[in-house]
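Peer 1: Quick one, what's the 3D model for this:
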Amino acid sequence: MNNNAREQILSDIRRALNRTTSLHKSVSAALMARLAGHSVHVQPVVETDLVNRFIAKSKAVASTVVTVPSLMQVPEAVTQYLTTSSQKLEVVMAPDPLLDDIDWPTSMKIERRQAGRQDVVSITGVFAAIAETGTLVLLSGAHSPTTLNFLPDIHIAIVRRQQIITHIEDVWRQIRSELEGMPRTVNLITGPSRTADIEQTIQLGAHGPRSQHVIVVDAE
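Peer 2: Coordinates of the predicted model:
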């Protein structure tokens with residue numbers, strides 16, 4: 001959807017609600033208070049060991065997962081995964097501060113940009129990871145273009161222990177508390193892309209990567 005179409009839709013909604021001008025401060029404050037005070041419905045019990053729960057749920061949805069003790073071991077884990085998968089040591093990644101702190105080997109060809117259809121492997125960080133479902137949360141932006149987690153066949157995600165949260169609802173509270181505004185896109189990714197539309201047979205890579213590899217950095 002282009003920006004003009006999006007603005008037209010939002011304009012139609014505002015007009016239907018008789019909101020042709022900016023919201024009054026009192027109305028805006030009331031809406032924010034409602035969001036902040038929204039009660040949480042019944043949630044599944046999640047074990048206190050969020051890391052193990054996240055890993056188990058990720059594997060259950062066909063992701064592969066490895067754990068490393070610190071960021072220093074991430075390049076070795078990436079190299080081992082690509083070598084075992086018979087892939088070239090060529091990746092595309094965004095200028096994410098987390099990834100900038102990693103000492104990548106000179107043997108690995110790295111391009112910092114958005115992904116294109118010709119790219120095979122992408123590496124991203126995450127905003128959060130959900131233990132309840134083994135879901136990765138990525139926000140669109142300069143540090144995390146959405147193309148990186150949709151176009152390449154292989155998506156490698158780096159998750160820090162402290163980024164693992166309990167329930168899906170926690171994502172929205174975290175976004176509101178840590179960011180000044182809602183990002184343009186919030187991607188909730190649970191395993192590699194798949195579909196069963198063709199004769200009820202699971203096909204991977206239908207709408208995104210065929211493979212999702214998660215590296216959990218277990219350092220506090």
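Peer 1: helix/strand/coil for Ser26?
Peer 2: Secondary structure, DSSP: H, G, I helix; E, B strand; the rest coil: Ser26 is helix.
Peer 1: just the one 3 residues further on next, same as before
Peer 2: Taking three-state DSSP as the rule, one finds Ala29 in the helix state.
Peer 1: What's the separation between it and Val42?
Peer 2: To Val42, Ala29 is 29 Å away according to Cβ to Cβ, to the nearest Å. Glycine gets a C-beta too; all of them are placed from N, C-alpha and C.
Peer 1: between these two, which one's more packed in?
Peer 2: Ala29 (11 against 4; other Cβ atoms under 10 Å).
Peer 1: Please name the residues that touch that one.
Peer 2: Applying Cβ atoms under 8 Å, 6 or more residues apart in numbering to Ala29 gives no contacts.
Peer 1: I'd like the next helix or strand past the helix or strand of the chain with the lowest mean pLDDT.
Peer 2: Ranked by mean pLDDT, DSSP states H and E, the helix or strand of the chain with the weakest confidence is strand 203-204, at a mean of 56. Once the chain leaves strand 203-204, the next helix or strand it forms, by DSSP states H and E, is strand 211-217.
Peer 1: Can you spell out which helices and strands pack onto that next one?
Peer 2: Applying 3 or more Cβ pairs under 8 Å, 6 or more residues apart in numbering; DSSP states H and E, we find strand 211-217 packed against helix 50-60, strand 64-68, helix 74-84, strand 154-160.
Peer 1: Is the spatially most central residue of the chain in a helix, a strand, or coil?
Peer 2: With distances taken as Cα atoms, centre = their mean, Leu138 lies nearest the centre of the chain, 2.5 Å away. Of the three states, Leu138 takes strand under three-state DSSP.
Peer 1: who's it bridged to?
Peer 2: With DSSP bridges as the criterion, Leu138 is bridged to Asn187.
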